[in-house]
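The following block contains a protein sequence and its predicted model.
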Amino acid sequence: MEIRPVASQDRAQLAKLLDRIETFSRPEVEVALELIDAALKGTNPDYLVMVAADGEQVLGYICYGPTPMTDGCFDLYWVASDPQARGRGVGGRLVRAMEADLRARKGRIVRVETSAMEAYGPTRGFYEAMQYLEESRFRDFYKVGEDLVTLSKKL
């Protein structure tokens, strides 16, 4: 498995991959694709995207960037792996590659926002395994009964 910057030929595979992830709503997929497109077009250098690939097959991706008006803080916007590739370490490899890149950029802190819904329990468990700690909860943020959970990791 290779971790590399996103390339234009990855876009179609990433769209299909996002459609296969059961927890992502249609609006979430659209936003994820907007950020991928911004990275591919170079229209916003604050969106950095790397993919995990096995030959020509894209197994997952990560999107992150600097947090505006901070010194050395970065947001992890999206990390996703193909459901058929789960259990192969794709997500962990992507997060470790991002963290290495951020250390090279003098990053201090990575921040992640996710849902507290039960369907996102495996996602929160993944972040905890990667040593991200819950920092806060914003009750009823996404909708009534769906809290926002913010996690972070010091680099």
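Cool, got the structure. Keep in mind that this is a model prediction, so the values were computed, not measured. Numbering: from 1, shown residues only.

how about stretch 67-74 as CSV, C-alpha atoms only?
Output of stretch 67-74 as CSV, limited to C-alpha atoms (Å, rounded to 0.1, in the frame of the first residue of the first chain):
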residue,chain,number,x,y,z
THR,A,67,-7.0,25.8,11.2
PRO,A,68,-7.4,29.5,10.3
MET,A,69,-6.0,32.1,12.7
THR,A,70,-4.0,29.6,14.8
ASP,A,71,-0.3,28.8,15.2
GLY,A,72,0.4,25.2,14.3
CYS,A,73,-3.1,23.9,14.6
PHE,A,74,-4.7,21.7,11.8
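
May I see the buried residues of it?
Residues Thr67, Cys73, Phe74 are the ones in stretch 67-74 that count as buried (16 or more other Cβ atoms under 10 Å). To be clear about C-beta, it is placed using only N, CA and C from the backbone, and glycine gets the same treatment.

try stretch 93-108
Buried residues in stretch 93-108 (16+ other Cβ under 10 Å): Arg93, Leu94, Val95, Met98, Glu99, Asp101, Leu102, Gly107.

So the first one belongs to a helix, correct?
To tie it back to what came earlier, the one meant is Arg93. Yes - according to DSSP: H, G, I helix; E, B strand; the rest coil, Arg93 belongs to a helix.

Would you confirm that it contacts Arg4?
No - taking contacts as Cβ atoms under 8 Å, Arg93 lies outside contact range of Arg4: 11.4 Å.

re the thing from before, take the buried residues of stretch 67-74 and write them to JSON lines, including secondary structure and pLDDT.
Converted to JSON lines, the buried residues of stretch 67-74 look like this (DSSP: H, G, I helix; E, B strand; the rest coil; pLDDT from 0 to 100):
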{"residue": "Thr67", "secondary structure": "coil", "pLDDT": "95"}
{"residue": "Cys73", "secondary structure": "strand", "pLDDT": "97"}
{"residue": "Phe74", "secondary structure": "strand", "pLDDT": "97"}
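
So which of those residues is the closest to Leu133?
Nearest to Leu133 among those is Cys73, at 14.9 Å by Cβ to Cβ.

List the contacts of the residue lying closest to that closest one once chain neighbours are set aside.
Closest residue to Cys73 apart from its sequence neighbours, by Cβ to Cβ, 6 or more residues apart in numbering: Thr67 at 4.1 Å. Contacts for Thr67 were tallied using Cβ atoms under 8 Å, 6 or more residues apart in numbering; they are Cys73, Phe74, Asp75, Arg111.

Could you rerun that using 6 Å?
Residues near Thr67 by Cβ atoms under 6 Å, 6 or more residues apart in numbering: Cys73, Phe74, Asp75.
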